[in-house]
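Enquirer: Build the 3D model from these lines:
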Amino acid sequence: MDRRLRNRIVILLLLAGAAAPLLVWLSGRKPAAKISAMTPTRENLVSSISSNGKVEPISPYVTRAMLDTFVEKIYVTEGQTVKKGQLLLELNVKEVAAQLADARSKLLRAQDDLRAARAGGKADEAAKVAGDLSKAEGERDRLQRNHDSLARLAVGQAATKEDLAVNDQALANAKAEVTRLLAVKQEFDRQARLGAERGELQVQQTLSEMAALEDKVNNGRIAAPADGTLYSLPVRAGDYVKLGDLLAELADLHKVRVRAFIDEPDLGGLEANEPVIITWDALPNRSWMGKTEIIPKQVVPHGTRSVGELLCAVSNDKLELLPNINVNVRINSKERLNVLAVPRGAVASEGAHRYVFVVKKNELGVGKSRLEKREILVGIADATSYEVMGGLQEGEMVALPGDTDLHDGMAVQVVNTNAA
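Expert: Okay, here's the model as predicted:
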C-alpha cells in the first residue's frame, strides 16, 4: 500500500474516533422548543376601572303627604319640566278646613275667658263679690260707731247695758261676715289668677292647633319647590294617601350623580377628580362624561360582592339619564403617553415581583436562542398591556406564552414574531 494513502486512512480514522463522542452527544439532545416572541413598542396606556352604578339626582326635592286624605286633582305628568311655585296636585282638605273653623271659634272663646280672668274674673261675679264685701264692711263700721256711742252713753247712764250688748253681738256678727266675705274675695281672686293662667295655656294650645291645621290646609296644594324635572309622580287622582306617603320627586337633572359600586380590590387606585365615562344599555351609542367626587371610606356588601360606593358627578345636558337607572361606569384613573409596553400575558408574577423571558440570540447569530428570566418594573396597566418602567430595553425580544412552559436558560426557536 502506498505510504501516503496509508497515512490518509489513519488520519480519517483518528478524526472519526474524535467525532464519535460529539455525534453521540448531539444525537441525545432535545430539539429546541418553538415559541412566539414580540418586540415591545411604545404605546399610550390608560389604566381604567370598570363597574356598574346607579343614577341619582344631586339635590332632589321630595314631597310627602302631611295628612291622611284623598288626592283631589293632578295638574302635571311624570317627566314634565316644572317651574318653582307651579301647582302639581291638590289633596282633599275639606275635613281639615272644618276642624280649622272649629279651632278658630274655640280660640275666640278662650281669648274672651282670658280677658275676663285678667280683669279679675267675670264682671257680674266680681261685682257681686266686691259689693257683698263692701256692704258687710259698711255694716261693721256702722255697728262699730254705735258701739262707741253707746259705750260713752252708758258711762253717764244714758244707755243701758242691754242696748250695748245687743249692738256688740250684731258687731261681732258683722265682723265675722266681713272675715267670711274677705275669704270669699281672696278665693275669687285666686281662681281668677288660675283662670288667667289656664286661659293663656288654652289660647296657646288653640293657636298651636290652628297652626298645625293651617299647615295641613296649605299643604293640600302641592307646588314645585324649585325649577326642575318631575321624575317621580306615584299617585293618581282619587288615590288615598297616608301621612308620610310619597307624592312627588323633582330635581334639576342637568347634572346628576352616579353611585358606582367598585369592587374592593380596585379601591386603592381611586382618586378624586378622575375622568369617568358613563354608558347606558338603553342608549348604546351614547356616553356621558363626569368625574369622581367622593372616594369610598368603607366597604359594604352589595349582593354577592364587597364594594365601596364611589360618587361621581356627571353632566346630563340633554336630560337623557334618568334617576334610578342602572349604568356602566369606567374610571380612567391614570394615563401614560408613549411608554414602553409589553402584553399582560408575557408578564409572569412571583409575589410582588414581575418578570419576563427575554430571547437571547446565539452570539454567532445562527442556530438556537436561549431564554433569560428577567425581573422588570411595571407601571400602570390597561386591559392588554403593562407599562415597563425598568428592566427591559427597546429592541429586546420577549417570549410569549404558548403550549410549552418557559424557564430560564431554555433553548428556543422563534417561529413567530409579533409586534406589541
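Enquirer: for this protein, which helix is longest?
Expert: helix 161-218 (DSSP state H).
Enquirer: Could I get the average pLDDT for that helix?
Expert: What helix 161-218 shows for mean pLDDT is 80.
Enquirer: Then stretch 50-61?
Expert: Computed over stretch 50-61, the average pLDDT equals 94.
Enquirer: ok, back up a step: so which bits of the next helix or strand after the longest helix of the chain are buried?
Expert: Scanning forward in sequence from helix 161-218 by DSSP states H and E, the next helix or strand is strand 221-223. The neighbour-count check on strand 221-223 (16 or more other CB atoms under 10 Å) flags Ile222 as buried. Any C-beta I mention is one placed from the backbone N, CA and C, and that applies to glycine too.
Enquirer: So for the residue lying closest to Tyr61 once chain neighbours are set aside, what's the pLDDT?
Expert: Distance criterion CB to CB, 6 or more residues apart in numbering; nearest residue to Tyr61, sequence neighbours excluded, is Pro225 at 4.7 Å. Predicted confidence (pLDDT) for Pro225: 93.
Enquirer: what about Pro225, which SS state?
Expert: Under DSSP: H, G, I helix; E, B strand; the rest coil, Pro225 falls in the coil class.
Enquirer: and it, how far is that from Lys255?
Expert: 18 Å (CB to CB, to the nearest Å).
Enquirer: Likewise for Leu207?
Expert: 43 Å.
Enquirer: give the contact list for the nearest residue to Ser59 once chain neighbours are set aside.
Expert: The shortest distance from Ser59 to any non-neighbouring residue, by CB to CB, 6+ apart, is to Ala251 (6.0 Å). By CB atoms under 8 Å, 6 or more residues apart in numbering, the contact list for Ala251 reads Pro57, Ile58, Ser59, Pro60, Tyr61, Gly228, Thr229, Tyr231, Pro323.
Enquirer: Which among the residues you listed count as buried?
Expert: Using 16+ other CB under 10 Å, the buried ones in the contacts of Ala251 are Pro57, Pro60, Tyr61, Gly228, Thr229, Tyr231, Pro323.
Enquirer: Quick check, the first one in contact with Leu322.
Expert: Okay, so that is Pro57. No: Pro57 is not in contact with Leu322 according to CB atoms under 8 Å; the separation is 9.8 Å.
Enquirer: Now do the shared contacts for those two.
Expert: Tyr231, Leu253.
Enquirer: what's the burial count for Gly268?
Expert: 6 (other CB atoms under 10 Å).
Enquirer: Pretty sure it sits in a helix.
Expert: Yes: assessed by three-state DSSP, Gly268 belongs to a helix.
Enquirer: I'd like the distance between it and Lys216.
Expert: Counting by CB to CB, the gap from Gly268 to Lys216 is 53 Å.
Enquirer: after the lowest-mean-pLDDT helix or strand in the chain comes which helix or strand?
Expert: Ranking every helix and strand in the chain by mean pLDDT, DSSP states H and E puts helix 3-28 at the bottom, with a mean of 58. Using DSSP H and E, the helix or strand that follows helix 3-28 in sequence is strand 33-39.
Enquirer: Within the sheet, what are the partner strands of that next one, with directions?
Expert: Here strand 33-39 has these sheet partners by DSSP bridges: strand 397-400 (antiparallel), strand 411-419 (parallel).
Enquirer: which outside residues touch stretch 268-280?
Expert: 47, 49, 53, 258, 260, 262, 286-296, 308, 310, 312, 314, 320-321, 325, 327-334.
Enquirer: And for stretch 135-151?
Expert: Counting by CB under 8 Å, 6+ apart, Ala159, Asp163, Leu164, Asn167, Asp168, Ala170, Leu171, Ala174, Lys175, Glu177, Val178, Leu181 sit against stretch 135-151.
Enquirer: thought Val58 was touching Lys255?
Expert: I think there's a mix-up here, since residue 58 is Ile and not Val. Yes: using CB under 8 Å, Ile58 is in contact with Lys255, at 5.9 Å.
Enquirer: Overlap in contacts, these two.
Expert: Common neighbours of Ile58 and Lys255 (CB under 8 Å, 6+ apart) are Ala313.
Enquirer: Skipping adjacent residues, who's closest to Asp317 in space?
Expert: Asp317 sits nearest to His254 (CB to CB, 6+ apart), 6.0 Å away.
Enquirer: Next up, the contacts around the one you found.
Expert: If you count contacts by CB under 8 Å, 6+ apart, then His254 has Ser315, Asn316, Asp317, Leu319 around it.
Enquirer: Can I get those in TSV including distance to Ala352 and neighbour count?
Expert: Supplementary listing: the contacts of His254 in TSV, determined by distance: CB to CB, whole Å; neighbours: other CB atoms under 10 Å:
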residue	distance to Ala352	neighbour count
Ser315	39	14
Asn316	42	19
Asp317	45	9
Leu319	48	14
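Enquirer: ok, so of those residues, who is nearest Ala98?
Expert: Distance to Ala98, by CB to CB, is smallest for Leu319 among the contacts of His254, at 43.0 Å.
Enquirer: ok, and for stretch 326-342, which residues are buried?
Expert: So for stretch 326-342, counting by 16+ other CB under 10 Å, buried means Val327, Asn328, Val329, Arg330, Ile331, Ser333, Lys334, Arg336, Val339, Leu340, Ala341, Val342.
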